[in-house]
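Colleague: I would like the atomic coordinates for the input below:
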Amino acid sequence: MTAQKLTKAQTAELLDISVRTLERWGRAGFGPKPQKHGPRLVRYDEDEVLAYRRKGEQVSA
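Modeller: Now for the predicted structure:
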């Protein structure tokens, strides 16, 4: 089974952050890892995003 690829907007919504924050996280090296599919096309692996969110919920609990 192949995980769905999410856009920046979809990923930001799942993480309850802004797209700009997601972009900053990517430049700083944290958050779910962006996958480049061309010079300007970036997608995020849904399973990785959900795992990152679960990890964050455990830390804040």
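Colleague: now do the helices in this structure.
Modeller: Assigned by DSSP state H, the helices in the chain fall at 8-15, 19-28, 46-60.
Colleague: out of the ones you listed, indicate the one that is most buried.
Modeller: helix 8-15 (a mean of 18; mean count of other CB atoms under 10 Å). For the C-beta atoms, the positions are set from N, CA and C on the backbone; glycine is no exception.
Colleague: give me the distance from it to the chain's centre.
Modeller: Counting by CA atoms, centre = their mean, to the nearest Å, helix 8-15 is centred 7 Å from the centre of its parent chain.
Colleague: point to the residue nearest the middle of this protein.
Modeller: The C-alpha lying nearest the average C-alpha coordinate of the chain belongs to residue 32 (CA atoms, centre = their mean; 4.2 Å).
Colleague: for the closest residue to residue 5 other than its chain neighbours, give me its contacts.
Modeller: With sequence-adjacent residues excluded and distances taken as CB to CB, 6 or more residues apart in numbering, residue 5 is closest to residue 43, at 3.9 Å. Contacts for residue 43 (CB atoms under 8 Å, 6 or more residues apart in numbering) come out as 5, 6, 7, 34, 35, 37.
Colleague: quick revisit: can I get the helices of the chain in a markdown table with mean pLDDT?
Modeller: Rendered in a markdown table, the data for those read as follows (pLDDT from 0 to 100):
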| stretch | mean pLDDT |
| --- | --- |
| helix 8-15 | 97 |
| helix 19-28 | 95 |
| helix 46-60 | 84 |
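Colleague: list the residues that contact the closest residue to residue 23 other than its chain neighbours.
Modeller: Spatially, and ignoring its direct neighbours in sequence, residue 23 is nearest to residue 8 (7.1 Å; CB to CB, 6+ apart). Taking CB under 8 Å, 6+ apart, we find residue 8 in contact with 19, 22, 23, 42, 44.
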